[in-house]
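Colleague: Need coordinates for the following:
(2 chains)
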There are 2 protein chains.
Amino acid sequence: MPKLRLFTPGPTMVPEEVLLEMARPIEHHRTQMYRDWLKECTENLQYLFQTKSTCLTLTGSGTAAAEGAIVSMAPPGRRVLVCHGGKFAERWRDVCRRFKIDHVEYEYEYGRGAGVDVVADHLKKDPKIGAVITVHSETSTCALTDVKAIAALTRERDCLMMTDCITSVGCLPFKMDEWGIDIAVTGSQKALMLPPGLGFVAVSERAWKVIESFEAPIFYNNLRAFKKSLADWDAPWTPANTLVRGLRVSLSMIRKEGLENVWARTARLAKATRAAAQAMGLTIFAKDPSDSVTGINTPANIDNDKWRKLMKSRYGVQLADGQGQLKGKMVRISHMGYVDDLDTLSAIAAMEMSLRELGYKCEPGIGVGAFMKMVGA
Amino acid sequence: MPKLRLFTPGPTMVPEEVLLEMARPIEHHRTQMYRDWLKECTENLQYLFQTKSTCLTLTGSGTAAAEGAIVSMAPPGRRVLVCHGGKFAERWRDVCRRFKIDHVEYEYEYGRGAGVDVVADHLKKDPKIGAVITVHSETSTCALTDVKAIAALTRERDCLMMTDCITSVGCLPFKMDEWGIDIAVTGSQKALMLPPGLGFVAVSERAWKVIESFEAPIFYNNLRAFKKSLADWDAPWTPANTLVRGLRVSLSMIRKEGLENVWARTARLAKATRAAAQAMGLTIFAKDPSDSVTGINTPANIDNDKWRKLMKSRYGVQLADGQGQLKGKMVRISHMGYVDDLDTLSAIAAMEMSLRELGYKCEPGIGVGAFMKMVGA
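Modeller: Numbers count the residues shown, from 1 in each chain, chains lettered A, B, ... in the order given. As a prediction, this is how the structure comes out:
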C-alpha cells in the first residue's frame, strides 16, 4: 500500500476486464477467430473516429502510426505545412525532416492551439501546400487546437488534413467525416484503455487517392500494406494479437457507455480539475486547455519532483512531469479512459495534501470542494 | 474442450506465469521500476544472443526490427548481398527495394540453406558488397543456413553480417560474438515465449561504426534513437511495457533452464519429430532442416486443410500451413519456447490419428513410438 493510481497522460489505467482478457491463452492471428476480432474492432474504431473510412491497426506506438501517415501523404510535389507548438508536433516535424519531405513550419506558442488565421494565411500564400499536419490535443502542453476549423480551410483546395488525435480520439469530441479530416492517428495507451503497443490510422477516401498514387519510402508502417491485408481482416506482419484481444473489450466498453457520454465525462473531469486548481490558488499552463489532460503550473517555492514523489509514495497518485523545456515546471493529470469522478477527486485530494505538506498554503478541502461542486453537489 | 495446443512457429505458447505477470496493473515506463526491468532484460538478452554488445528492444514485430536493421547498415556506397530462399528472406529483399538500397540477390532453393561457397563467390567477385543479409532459420521452409560459416567470410573484409534470428535465437545454438555476427534480429512471439509485439536487434561495435556514420532514412525503427535512449534504460517512443514486463519473466525462465539446455531440448524435439514423421511414412520438406520448426509434406491424397482442421477441432492441436507457394503442401510444427517432450508427443499423436481418420495408412502408435524412443526409452 498505497494502491497505484495512474494519472499520467498515457499509459493510462487499464480496466481489470481488459487485463484479464489479454491474459487468456494465446491464439494464432491467422484464424477465423482473429479475423472476427479485427472486423469487430475495425467497426468499433470507425465509431470511435466517427468515420465510414478505413481504420488501420498497426503494431507499434502512436509514433509508428504517425510515421506511416506522414510519409504516405507526402508524395513529391505535395508540400506539407507542419503546425507545431509542443513536443509531439515537433516530433512530426522531425519525421518530415528525416524523410526529406518538402515542408514548411508554422510554430506557435506553447500552451496555445494553432491559429486558424495563420494556417489560412499559409495556405493562401503558398499554393504548393498540399497537406497540413496538426495536433488536436498536444499532450506536452495540454493545449487544444481547433482542428475542425483548420480542416474546413483544407476542404477548399486539394489539401490533405492530418491530425494527431493521440490524446483526443475516444475522449474529446472528434468527428472525422463531418469535420473533413483525412488522416487521424491515435495510440492504444490513452483513451482506448489499453497498454501501449498498438497504433491506429483512420484514412479518408480522399487521402487514399494520394497514398495510392505513389510508393511511400517505408516498409513496416506502410499504410498501403495494411489496407491490402485488411481486406481479409488480416495484418501484413504479425500483429500484437493479445492487445487486439484487449481492444475488443475496451472498445465494447466505450460503445456501451456511448461516445457522447465518454466525451461528457472527460470534459466534466477536466472542468472540475481546473476549478479545483483555481480554488487552491494554482494556475493552468495552457491558455487553450485541452479537456483530456490538464497541466497545472508548479507553484513558486515548491519543488516539482518532491511534490510528484510525495503524491506517489504517500497516496499512490502518479502524475506526469512537464516535458522538454517544461520539465520541472508543471504536473499533468490525465482525464482519459478508465477514470471517473471519485478517481479524479482522490487525485485532487492527494495534490492538496502533498502541497500543504511541502509548505504550500491553502485551506484543507478547498480544491476537493470546488471539484465536488462541479461534478456533483 | 479440447484444450488449445498451439504449435504454430509463432505465436508460440506463452507460459501462464508470463500471461499473469502481464495482467498486473499497468505501470508507467518513465519510472525507476521500468528502467530496472529494461536493464535486467537487456542483460538477459545479451546472454540470449551470446554477445557483449548492445541489445535493443523495439515495439513492433520482427519485421520492425529487421527494417530498422537493414536501413541502418546500408549507407550509400555499401552494397548489400541478400541471400534468399524463402518468404522471410524475400521480405528483407523487399525492404532493400522499398528503401532503394543498392543490393544484389542470391536466390537459393526453398528447403535449403544458403550455400557458403556461393556467398564466398559473390564476395570475391564484387568488392562493393559491404553487408550480407541472411536468415538463420527460414520459418517458411523450415530450413537452416550455416550463418557461422558465412559470418567467417565477412570477417576477412569490411563487410557487415546481418542475420534474421527470428526463429533461432533462444532455441538454436547461436553465438553472436564468437561467430562474428554484426546484427541479429528477433521477435517476441517465438523462442522468447511472449505474445507478438516486441522486436529485438543486437548490434556489434563494428556495426555501430557504420550505423553512426550516416542518418538512416527511418524514424520509428531508428536504431540510433534506441541506442541513445538505452543509455538511460529508456525508449525513444512509448514502449509496449506490459510485454517488457512479461519479457523479464520469460528471460529469467530461460536463464534458469540454461541456454544450452534449451538448445538441447529444441534439438531433441526436432530430431524426434523427424523420426516420428519418417516412421509414419511421411517426408520432411527441408533438405537442410532447422531444429526450431519442422515442415512435414502433406501426403498425396490427403487434403492439407482437412488434416489441419481435424487436428485442431478434434484434438486442439494447431499446426501451421505452408506459406506462399508452399500453401496447402505441408504442415509446420514448432519446437520453440514453452514446449516439452509430452506436448510434442501429443501433437504427433494428433497427427497420426487425424491422418488415419482421413484414410492414410499407418500402424497406430508408430509415429509416437518412434518419438518416444528418441526422447526417452
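
Colleague: Identify the residue nearest the geometric centre of chain A.
Modeller: The centroid of chain A falls nearest to A:Thr167 when counting by C-alpha atoms, centre = their mean (1.6 Å).

Colleague: A:Ala191: what's it in contact with?
Modeller: A:12, A:167-171, A:262, A:266, A:292, A:336-337 (C-beta atoms under 8 Å, 6 or more residues apart in numbering or on different chains). Any C-beta I mention is one placed from the backbone N, CA and C, and that applies to glycine too.

Colleague: Any chance of those residues in TSV with pLDDT as columns?
Modeller: Shown next, in TSV, are the contacts of A:Ala191 (pLDDT from 0 to 100):
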residue	pLDDT
A:Thr12	98
A:Thr167	98
A:Ser168	98
A:Val169	98
A:Gly170	98
A:Cys171	98
A:Val262	98
A:Thr266	98
A:Ser292	98
A:Met336	98
A:Gly337	98
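
Colleague: can you narrow the residues you listed to ones near chain B?
Modeller: A:Thr12 (C-beta under 8 Å from any C-beta of the partner chain).

Colleague: Just the buried ones among the contacts of A:Ala191, please.
Modeller: Using 16 or more other C-beta atoms under 10 Å in any protein chain shown as the burial test, these include A:12, A:167-171, A:262, A:266, A:292, A:336-337 as buried.

Colleague: Next one: A:Val119 relative to chain B, how far apart?
Modeller: 24 Å (C-beta to the nearest C-beta, to the nearest Å).

Colleague: ok, and the closest non-adjacent residue to that residue?
Modeller: In space, and not counting its chain neighbours, A:Val119 is closest to A:Ile150: 5.2 Å by C-beta to C-beta, 6 or more residues apart in numbering or on different chains.

Colleague: For the one you found, give its distance to A:Met162.
Modeller: According to C-beta to C-beta, to the nearest Å, A:Ile150 and A:Met162 sit 11 Å apart.

Colleague: Any idea how far apart the tips of stretch A:325-343 sit?
Modeller: With C-alpha to C-alpha, to the nearest Å as the measure, stretch A:325-343 spans 29 Å from end to end.

Colleague: now stretch A:351-371
Modeller: 12 Å.

Colleague: what about it, average pLDDT?
Modeller: The average of the pLDDT scores along stretch A:351-371 is 97.

Colleague: Now do the buried residues in it.
Modeller: Going by neighbour count (16+ other C-beta under 10 Å), the buried part of stretch A:351-371 is A:351-355, A:360, A:367-371.

Colleague: check contacts around A:Asp303.
Modeller: With C-beta under 8 Å, 6+ apart, A:Asp303 has these contacts: A:Leu358.

Colleague: Quick check, pLDDT for it.
Modeller: On the pLDDT scale, A:Asp303 is placed at 98.

Colleague: same thing with A:His136?
Modeller: So A:His136 comes in at 98 (pLDDT).

Colleague: burial measure for the residue lying closest to A:Asn297 once chain neighbours are set aside, as a count.
Modeller: Closest residue to A:Asn297 apart from its sequence neighbours, by C-beta to C-beta, 6+ apart: A:Thr283 at 4.8 Å. Neighbourhood size, A:Thr283 [other C-beta atoms under 10 Å in any protein chain shown]: 13.

Colleague: What of A:Arg255?
Modeller: 14.

Colleague: Secondary structure class of it, three-state.
Modeller: At A:Arg255 the chain is in helix, as set by DSSP: H, G, I helix; E, B strand; the rest coil.

Colleague: Hmm, A:Gly62 and A:Val185 touching each other?
Modeller: Yes. A:Val185 lies in contact with A:Gly62 (C-beta atoms under 8 Å); the separation is 6.3 Å.

Colleague: what touches both of these two?
Modeller: A:164, A:166, A:199.

Colleague: Please state the offset of the one helix or strand the last one maps to from the chain centre?
Modeller: Read it as A:Gly199. Per DSSP states H and E: A:Gly199 is located in strand A:198-203. With C-alpha atoms, centre = their mean, to the nearest Å as the basis, strand A:198-203 stands 12 Å off its chain's centre.

Colleague: can you pull out the strands in the stretch 201-350 of chain A?
Modeller: For the stretch 201-350 of chain A, the strands defined by DSSP state E, counting those that start in this stretch cover A:293-297, A:317-318, A:320-321, A:330-334.

Colleague: ok, longest helix in chain A?
Modeller: Criterion DSSP state H: the longest helix present in chain A is helix A:259-279.

Colleague: Report the buried residues of that one.
Modeller: Result for helix A:259-279 [16+ other C-beta under 10 Å]: buried residues A:259, A:262-263, A:265-277, A:279.

Colleague: Stretch A:76-84 now?
Modeller: Buried, per 16+ other C-beta under 10 Å, within stretch A:76-84: A:78-84.

Colleague: now do stretch A:156-172
Modeller: Buried residues in stretch A:156-172 (16+ other C-beta under 10 Å): A:159-172.

Colleague: That stretch: end-to-end distance?
Modeller: Length of stretch A:156-172, first residue to last, C-alpha to C-alpha: 25 Å.

Colleague: Distance from the chain centre to that stretch, please.
Modeller: Worked out by C-alpha atoms, centre = their mean, stretch A:156-172 lies 11 Å from the chain centre.
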